[in-house]
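Sequence first, predicted model second:
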Amino acid sequence: MDWHRPIDNYCERLGPEFWAEPLNAWSNAAFLVAAAVAAIVARRRGGPDVGVALLIAVMVAIGVGSFLFHTVATPLAALADVVPIQLFIVGYMALAMRRFAGMAWWGAAAVTAGFVAVSAVGGQLLGRAVDLNGSQGYIPPLLALGVVGAALWASGRGAAGRALILGAAIFALSLTFRTVDAAMCERLPTGTHILWHLLNGLLLGHLTVALIRHGEGPPRRNVRPVSAPPERSPGNPRP
C-alpha cells in the first residue's frame, strides 16, 4: 500500500496542495476549543482525573490528526485522523459504563469489548447494504448513545440520560452532513464536511463535560437511618 498517495474524498479539495481544503482544515479548531472548555470545567471541579484527562488529550489528538488529513491528505495522515476518533469512542464507552451506569471495571471492559465487536460487524454489514459515503462505521456509536441515554434516563439517572440523548441528536445531525457531503459538491462547492467537524467538536465537548458533571455512578438508595433508643436517666428506671 502506498501510504503517501494523495486522497481526494471531499468537495472542497480540487488538487493535491497542502491548503486545498482550508475550511475542512481550520474547522478542526473546534476540537481544540472543546478540549479547552472541558479542561476548564474539570479544573473548576477539582480535576481533571485520569479518565477525563485522557479524553481531553484524545480530543486534541483528533483536532491535530484531522487537520493533517485535510492538508497532507494521504493514507498515513488518515490514520492520524481515524485512530484518535476510535480511541475516544472506546474510551468514552468504558468511562460511561463505569461512571454513569456504576459498573465495575471488569463489567465496563466487557460491555465495551462487546460494543467494539458489534460495531465492527454492524459497520461492515451497513457498508454492504447501503452507500453512506463512509459513514456506516459511526452508526453503531450513534445508536449506543441513544440506547444508553434512554436506559439511564429510565433508571433514574435523568441528567446523564438527557445529556447522552442530546449528544445522540447532535451526532445524528453531524453524521448527516458527513454523509451528504459528496452529493452536495455541485450545489455547494465547499461541501458540508466542515459542519461535521464543527458539530463533532461540540459533541465531544458536550459528552466530556457531561461525564465531568454527572459521572458519579448510580444514585444511592435512600436508606432511613435507624434511630438509637433513648438513654435512660438514673431517675427514670425502666418500668
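The structure has been received and is ready for your questions.

show me what contacts Asp181?
Tyr10, Cys11, Asn133, Gly191, Thr192, His193, Trp196 (CB atoms under 8 Å, 6 or more residues apart in numbering). Bear in mind the C-beta positions are built from the backbone N, C-alpha and C, glycine included.

if you set the cut-off to 7 Å instead, what comes out?
Residues near Asp181 by CB atoms under 7 Å, 6 or more residues apart in numbering: Tyr10, Cys11, Asn133, Gly191, Thr192, His193.

gap between it and Trp19?
Asp181 sits at a distance of 19 Å from Trp19 (criterion: CB to CB, to the nearest Å).

Just the element for the residue nearest the centre of the chain, please.
A centroid search over the chain (CA atoms, centre = their mean) returns Leu204, at 4.8 Å, as the residue closest to the centre. Assigned by DSSP states H and E, Leu204 belongs to helix 193-214.

okay, that helix in CSV with CA atoms only?
Extracted in CSV, the C-alpha atoms of helix 193-214 (Å, rounded to 0.1, in the frame of the first residue of the first chain):
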residue,chain,number,x,y,z
HIS,A,193,-17.8,18.3,5.8
ILE,A,194,-16.9,21.4,7.7
LEU,A,195,-20.2,21.1,9.6
TRP,A,196,-19.2,17.5,10.5
HIS,A,197,-16.1,19.0,12.2
LEU,A,198,-17.9,21.9,14.0
LEU,A,199,-20.8,19.7,15.3
ASN,A,200,-18.4,16.9,16.4
GLY,A,201,-16.3,19.4,18.3
LEU,A,202,-19.5,20.5,20.0
LEU,A,203,-20.5,16.8,20.6
LEU,A,204,-17.2,15.7,22.1
GLY,A,205,-17.0,18.7,24.4
HIS,A,206,-20.6,18.2,25.5
LEU,A,207,-20.1,14.5,26.2
THR,A,208,-16.9,15.1,28.2
VAL,A,209,-18.5,17.9,30.2
ALA,A,210,-21.5,15.6,30.9
LEU,A,211,-19.1,13.0,32.2
ILE,A,212,-17.4,15.5,34.5
ARG,A,213,-20.7,16.8,35.8
HIS,A,214,-22.8,13.7,36.0
